[in-house]
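A.B. asks: Please work out how this folds:
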Amino acid sequence: QVQLVESGGGLVQAGDSLRLSCAASGRNFRTSAMGWFRQAPGKEREFVASITSSGGTYYGLSVKGRFSISRDNVANTVYLQMNSLKPEDTAVYYCTVRGDGTWDSWGQGTQVTVSS
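C.D. replies: Numbering: from 1, shown residues only. Here you go, the predicted structure:
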């Protein structure tokens, strides 16, 4: 059974940084792409970033240049470094892993709140 556990969220001020972590267990993630999505109140879930098994990265337009995704395949952990945070980054952030062509497993989410 796949388990994804996010951590590192919190309340910060605009311009601050946060680093989210997602610890994965239950299968070999080294060959799987992993990603981060977010969902703000009243909005649809939004793609934030993803990283392939070989380290290729992709970013949503709203975070490109400010956020950085990385992974540690030994620790089965994916990270999201968030810099220059803005109030509009406020959301619940979810970790996910790709399987069978879709993002098929999700964590419980971690809240990020950015005050102005």
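A.B. asks: CA atoms for contacts and neighbours, from now on please.
C.D. replies: Fine.
A.B. asks: need the strands for the chain, in chain order.
C.D. replies: For the chain, the strands identified by DSSP state E occupy 3-7, 10-13, 18-25, 34-39, 46-51, 57-59, 67-72, 77-82, 91-99, 102-106, 110-115, in order along the chain.
A.B. asks: partner strands of the first one, parallel or antiparallel?
C.D. replies: Same thing as strand 3-7. The strands that strand 3-7 pairs with in its sheet are strand 18-25 (antiparallel) (by DSSP bridges).
A.B. asks: and if you look at the shortest one?
C.D. replies: The partner list of strand 57-59 in its sheet, established with DSSP bridges, is strand 46-51 (antiparallel).
A.B. asks: Send me the strand it pairs with as CSV with only the CA atoms.
C.D. replies: What follows is strand 46-51 as a C-alpha-only set of coordinates in CSV (Å, rounded to 0.1, in the frame of the first residue of the first chain):
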residue,chain,number,x,y,z
GLU,A,46,-3.5,23.1,-9.4
PHE,A,47,-0.3,21.6,-10.7
VAL,A,48,2.8,23.0,-8.9
ALA,A,49,5.8,20.9,-9.9
SER,A,50,6.9,17.4,-10.8
ILE,A,51,10.2,15.5,-11.1
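A.B. asks: what about it, distance to the chain center?
C.D. replies: For strand 46-51, the distance between its averaged C-alpha position and the chain's averaged C-alpha position is 7 Å (C-alpha atoms, centre = their mean, to the nearest Å).
A.B. asks: now swap in stretch 98-106 and tell me
C.D. replies: The gap between where stretch 98-106 is centred and where its chain is centred comes out at 14 Å by C-alpha atoms, centre = their mean.
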